[in-house]
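here is a sequence with its predicted model. Questions after.
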Amino acid sequence: MFSRTIFLVLFFFLLSLITITPTYAIRSFPERVGFSFLQHFSEAPEYKNGYSCRVLGVGNFPVACDPSLVHVAMTIDSEYLRGTIAAVHSVLKHASCPENTFFHFIASDSSPVSSQDLTRVVHSTFPSLRFRVYQFKESIVSHLISSSIRQALDNPLNYARSYLADLLDACVERVIYLDSDVIVVDDVEKLWRIKLSGSRVIGAPEYCHANFTKYFSDGFWGDGEMSKVFEGKSACYFNTGVMVMDLVRWREGDYTRKIESWMEIQKEKRIYELGSLPPFLLVFGGDVEAIHHRWNQHGLGGDNVVNSCRSLHPGPVSLLHWSGKGKPWSRLDLGKPCLVDFLWAPYDLYIHHHHHHHHHEQLWIVHKHIR
């Protein structure tokens, strides 16, 4: 639970948002169906490289192939756009070399908002950002998706992380995958530098205290042929919302096809309930490079059924993750935020029609908790 000191810091921070007029430009776009809300993002501050950063463009490389780049992949769509923009803002704000960060945004080909419009929004919000928007063909995976515990988990775009090795240029040999409901509060290059030992393909924080058996059905564990996939392994739960991925090893091992194979089995035998996560556990469980838990303080959105408030786990924090049903932007707009949602708010670039009134409401909520 936050101390009184933290409450006071939040109180005066929000007070400053009310009393200081924002100076960043607000970009607007034509009003039309499915796109009108995208006009309300303010332009982010321009974050510059430090003196120790490598200079890009030395050598005859295509823009995305420069070996000095840190590659970050995220999905982008109209529903989670506000979260994606805040996540990008947080990465740039805390990066030692923000200009050397290249973002790969994956958009659905079935989205009511076009990739061109999403590109315009990102460019207007981050004019100096190095990025590209890719179209993900939902038909590739839609026929393999089984219904899960929460409808949002059935979105084909959730499965795009399994296809990054195919979507991104072959010169991109390594990528950090981030969900859209995260905030990075540390230098992303620290995560980028983590080595994947041996032949490991992905790295992620593992949670070995979690009951691993609950992620699969009794029928799965009772089937000796299927369950032997974990034989001789110390498989632990890991969250796929934050991963370091070696795309060279992924391509060599054809891991996309291995994930699809388990999805095909799921269609026939119903061996799990949690969308895109279990196939990753089946393919990589017990062979993941364990990354410090500070890089995924997950579960801040409650569980997959109930939108409940949770406090931070003990220990240092480099990344906050609102996995679960509750999202900070929704709870803040409803005037029913959790305390951790105020840690997300400073990175939010969305402009409300009643901007000042919105911050007065946030201030009142924090003041209520202080008392």
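Yes, it's here.

and the strands in the chain?
70-75, 101-108, 130-136, 174-178, 182-184, 202-204, 206-207, 237-238, 242-246, 289-290, 319-321 (DSSP state E).

deepest in the core, which of those is it.
strand 182-184 (a mean of 27; mean count of other C-beta atoms under 10 Å). All C-beta atoms are positioned from the backbone trio N, CA, C, and that covers glycine.

any weak-confidence spans in this structure?
1-39, 58-60, 148-153, 353-371 (pLDDT under 70).

tell me the centre residue of it?
By C-alpha atoms, centre = their mean, the mean C-alpha position of the chain lies nearest to residue 179, the distance being 1.5 Å.

I figured that one hits residue 241, correct?
Yes - at 3.5 Å, residue 179 counts as touching residue 241 under the criterion of C-beta atoms under 8 Å.

and for the two, which residues touch both?
321, 323 (C-beta atoms under 8 Å, 6 or more residues apart in numbering).

before we move on, the earlier item: list the contacts of the residue nearest to the centre of the chain.
The contact partners of residue 179, taken as C-beta under 8 Å, 6+ apart, are 74, 75, 87, 241, 242, 321, 323.

from the residues you listed, which is closest to residue 199?
Distance to residue 199, by C-beta to C-beta, is smallest for residue 242 among the contacts of residue 179, at 21.1 Å.

run through the helices of the stretch 151-300 of the chain in chain order.
Secondary structure of the stretch 151-300 of the chain (DSSP state H, counting those that start in this stretch): helices at 164-167, 188-192, 218-222, 224-227, 247-253, 255-269, 277-284.

pick the most buried one from these.
Compared across these, helix 277-284 shows the largest average neighbour count, a mean of 22 (mean count of other C-beta under 10 Å).

what comes into contact with it?
162, 201-202, 212, 215-216, 229, 235, 237-240, 255, 258-259, 262-263, 266, 271-272.

what do you get for stretch 88-95?
Here stretch 88-95 has contacts from 44-45, 47, 70, 72, 74, 98, 101, 103, 122, 126, 129, 178, 182-189, 347, 349, using C-beta under 8 Å, 6+ apart.

export it to CSV, keeping only CA atoms.
Written as CSV, here are the backbone C-alpha positions of stretch 88-95 (Å, rounded to 0.1, in the frame of the first residue of the first chain):
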residue,chain,number,x,y,z
VAL,A,88,5.7,4.5,-26.5
HIS,A,89,5.9,7.8,-24.6
SER,A,90,7.2,6.0,-21.5
VAL,A,91,9.8,4.1,-23.5
LEU,A,92,11.1,7.3,-25.1
LYS,A,93,11.1,9.3,-21.9
HIS,A,94,13.3,6.9,-20.0
ALA,A,95,15.5,5.7,-22.8
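
which parts of that stretch are buried?
Residues 88, 89, 90, 91, 92, 93, 94, 95 are the ones in stretch 88-95 that count as buried (16 or more other C-beta atoms under 10 Å).

go on, stretch 57-73?
So, applying 16+ other C-beta under 10 Å, buried residues of stretch 57-73: 64, 66, 68, 69, 70, 71, 72, 73.

and the two most separated of these?
Maximum distance among those (C-beta to C-beta): 17.7 Å, for 68 and 73.

what's the spacing between residue 260 and residue 159?
Separation of residue 260 from residue 159 (C-beta to C-beta, to the nearest Å) stands at 9 Å.

OK, contacts around residue 187?
So residue 187 contacts 94, 95, 96 (C-beta under 8 Å, 6+ apart).

now flag whichever of those residues is closest to residue 310.
In terms of C-beta to C-beta, no member of those lies closer to residue 310 than residue 94, at 22.8 Å.

please report how far residue 308 lies from residue 263.
Going from residue 308 to residue 263 by C-beta to C-beta gives 30 Å.

kindly report the same for residue 237.
For residue 237 relative to residue 263 (C-beta to C-beta), the value is 19 Å.

how about residue 277?
Residue 277 sits 12 Å away from residue 263 when distances are taken as C-beta to C-beta.

who is residue 297 paired with across the strands?
Applying DSSP bridges to residue 297 yields these beta-bridge partners: residue 320.

and it, how many residues sit next to it?
Neighbours of residue 297 under the rule other C-beta atoms under 10 Å: 26.

the one 4 residues further on now?
Using other C-beta under 10 Å, residue 301 has 25 neighbouring residues.
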